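Novice: have a look; sequence and predicted model below, questions after that.
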Amino acid sequence: MNRVGDIAVIGMIFGMAGTTLGGVFGAFVNIKSKRIIDSILKVTAILMLIIVFTDLIPESLRFSNLRGTICGALSGIFVMFFCNEIVSEKIPALNKHSKSLLKAGIVIGIGLAIHNFPEGLAIGSGFEASKKLGISLAIAICLHDFPEGIAMAVPLKQGGYDKLKVILYTAISGVSTGIGALAGALIGDVSKQAIGLSLGFAAGAMIYIASILIFHNTYR
């Protein structure tokens, strides 16, 4: 396998590992209390915001300018808003609590898939700079994808999906990391402005998801 293929495989493995392990945890740990579910999702939302403001936005500003970062973030919020509306229409008739949980799990999954692409781009670009940097980024991304996998798995399970589906969908949400890694490796010295916009987009998507989890009574 050539270097580009190796980088794509590494990105795919590390990207899927974090979300899948989180999915396994969320699928097999039996949590029945609505208050506990709500607390888990709100804590995860806070972790998402920490990642946004300590990682995604600073990195976006490093590659782009303030205008590019803001445009990317607003685009991410806009896209997630419409994803949320589409998901609401497609979910089958369920009781109010199950439907809201299922909707949350699907929206989080879409957001994670979007968010994971620029992470993969960072892995691919990191490997182009040095092997050590690429591996370090891959490990860091894998670790922080674990709680995100839990945040997706818990509402899917409580919304009515069986364990196998929950694990499968959380694993799929990590595939975009490998695609991003492939893109980063292929492009090599990709436009810094494009990377900045991608990171800003991911930040906006995560801000939208976190705001739903924290400020809306979706899970009650």
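Specialist: Sure, I can see it.

Novice: okay, which residue is most central for the protein?
Specialist: Ranked by distance to the mean C-alpha position of the chain (Cα atoms, centre = their mean), the top residue is L112 at 2.1 Å.

Novice: please name the residues that touch it.
Specialist: Under the criterion of Cβ atoms under 8 Å, 6 or more residues apart in numbering, the contact partners of L112 comprise 19, 145, 148-149, 152, 173-174. No exception for glycine: its C-beta is placed from N, CA and C like everyone else's.

Novice: pick the one among those closest to G11.
Specialist: Proximity of those to G11 (Cβ to Cβ) peaks at G174, which lies at 9.5 Å.

Novice: list the buried residues of stretch 4-21.
Specialist: Along stretch 4-21, the positions that meet the burial threshold by neighbour count (16 or more other Cβ atoms under 10 Å) are 4, 7-8, 10-12, 14-21.

Novice: tabulate the CA atom coordinates of it in CSV.
Specialist: This file holds the C-alpha atoms of stretch 4-21, laid out as CSV (Å, rounded to 0.1, in the frame of the first residue of the first chain):
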residue,chain,number,x,y,z
VAL,A,4,-1.5,8.0,0.7
GLY,A,5,-3.4,4.7,1.2
ASP,A,6,-1.6,4.1,4.6
ILE,A,7,-2.6,7.6,5.8
ALA,A,8,-6.2,7.0,4.8
VAL,A,9,-6.3,3.7,6.6
ILE,A,10,-4.8,5.1,9.7
GLY,A,11,-7.3,8.0,9.7
MET,A,12,-10.1,5.5,9.2
ILE,A,13,-9.0,3.2,12.0
PHE,A,14,-8.5,5.9,14.6
GLY,A,15,-11.6,7.8,13.6
MET,A,16,-13.8,4.8,13.8
ALA,A,17,-12.2,3.4,16.9
GLY,A,18,-13.2,6.3,19.1
THR,A,19,-16.8,6.6,18.0
THR,A,20,-17.3,2.8,17.9
LEU,A,21,-15.9,2.3,21.4
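
Novice: pLDDT (mean, whole number) over it?
Specialist: Model confidence over stretch 4-21 averages 85 on the pLDDT scale.

Novice: use 8 as the first number from now on
Specialist: Sure, I'll start counting at 8 from here, so that last one is stretch 11-28.

Novice: residues in contact with it?
Specialist: 8, 119, 123, 126-127, 130-131, 134, 141-142, 145-146, 148-153, 155-156, 159, 174, 177-178, 180-189, 191-193.

Novice: now swap in stretch 188-208 and tell me
Specialist: Applying Cβ under 8 Å, 6+ apart, the set of residues contacting stretch 188-208 from outside is 10-11, 14-15, 17-19, 22, 63-64, 66-72, 75-80, 82-83, 86, 121, 124-125, 127-135.

Novice: what of stretch 209-225?
Specialist: 48-49, 51-53, 55-56, 58-59, 63-64, 67, 76, 79-88, 91, 107-108, 110-111, 114-115, 118, 121-122, 124-126, 158.
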